[in-house]
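1. Predicted coordinates and the sequence they were generated for:
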Amino acid sequence: MWEFAVNSLDPRAPLVLDTRELGRRPGSQRELELSVPAPAELGIEVLSVPEGSPVELDLRLEAVMEGVLLTGTATAGLAGECVRCLEPIEDEVHVTLQELYVYPDQHDRAAEHDDRDLDDETSRLEDDLLDLEPLLRDAVVLALPFQPLCMDDCPGLCTECGARLADDPDHSHDAPIDPRWAGLQQLQADTKQDPHD
Ligand SMILES: [Zn+2]
Ligand SMILES: [Zn+2]
């Protein structure tokens, strides 16, 4: 079938694992501890694993009837910025991984027992190699906060002067807060900023 023609896995890629040693014998297993350099853009735009920084993997590969079951964990450092105050954030992400990589010749048989579109959903072995990268990417993205904050209750930036409010919680400006005067106040502020206008 055509999937054999699109074999693109590079056995030397850090996130491509060789399962040949399991010999396709159900029950045989192998434990792996490795540290691999993070691929580019692992995470989300505002918080991600810096490219090339170590991703610590603690994995178990187990041969089952249909393929190879991968379970384990991945741990990596994170860098990003707070979406409210733009302060740099350093953190760590720890995810659990679990995926069944199906032998190519098991596709048709598996499809008969499953309503999903297996050609799209199923992870496959290619020449007894498995690609950990898509699984790792999905797991990391799911584990990250949608809107990372430097602290849970980050007050953000002052809307008037842009100061980081967490550094100066008692921060205030003399101006009246009454919304009826806000327009006038803005006018005054503009005039002060640019006296030539
Ligand atoms: Zn913040
Ligand atoms: Zn301010």
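-> Cool, got the structure. Ligands and ions are numbered 1, 2, ... in the order given.

2. Residues of this structure that sit close to ligand 1?
-> 82, 84-85, 87, 150, 154 (CB under 5 Å from the ion). (Glycine included, C-beta is placed from N, CA and C.)

3. For this protein, which segments are assigned as helices?
-> 107-112, 118-121, 133-143, 179-193 (DSSP state H).

4. ok, of the ones you listed, where does mean pLDDT dip lowest?
-> Lowest mean pLDDT of these: helix 107-112, a mean of 54.

5. Next one: the residue lying closest to residue 46 once chain neighbours are set aside from residue 127, what distance?
-> For residue 46, ignoring the flanking residues on the chain, the nearest one in space by CB to CB, 6 or more residues apart in numbering is residue 80 at 5.0 Å. Residue 80 is 37 Å from residue 127, where distance means CB to CB, to the nearest Å.

6. which residues touch residue 76?
-> When contacts are counted by CB atoms under 8 Å, 6 or more residues apart in numbering, residue 76 touches 38, 42, 49, 53-56, 92-93, 140.

7. Which of those ranks first by neighbour count?
-> In terms of neighbours by other CB atoms under 10 Å, these top out with residue 49 at 26 neighbours.

8. who does that one bridge with?
-> residue 42 (DSSP bridges).

9. which ones are touching it?
-> If you count contacts by CB under 8 Å, 6+ apart, residue 49 has them with 38, 42-43, 55, 76-79, 93, 140.

10. now residue 170
-> Taking CB under 8 Å, 6+ apart, one finds nothing in contact with residue 170.

11. what's the nearest residue to residue 141 if we skip its chain neighbours?
-> For residue 141, the spatially nearest residue (CB to CB, 6+ apart) is residue 44, at 6.1 Å.

12. related to what we said a few turns ago, sort out for me which of the contacts of residue 76 are in strands.
-> 42, 49, 54-56, 92-93 (DSSP state E).

13. By mean pLDDT, point me to the weakest helix or strand of this protein.
-> helix 107-112 (a mean of 54; mean pLDDT, DSSP states H and E).

14. so who does residue 139 touch?
-> For residue 139, the contact set (CB under 8 Å, 6+ apart) comprises 74, 95-97.

15. just to revisit the earlier point, please check the residues of the chain next to ligand 1 and keep the buried ones.
-> Buried by 16 or more other CB atoms under 10 Å: 82, 84-85, 150, 154, out of these.

16. Now narrow these to whatever sits close to ligand 2.
-> Applying CB under 5 Å from the ion to these, none is adjacent to ligand 2.

17. on that earlier part again, residue 168: which of the ones in strands among the contacts of residue 76 is nearest?
-> Closest approach to residue 168 among the ones in strands among the contacts of residue 76 (CB to CB): residue 92, at 28.7 Å.
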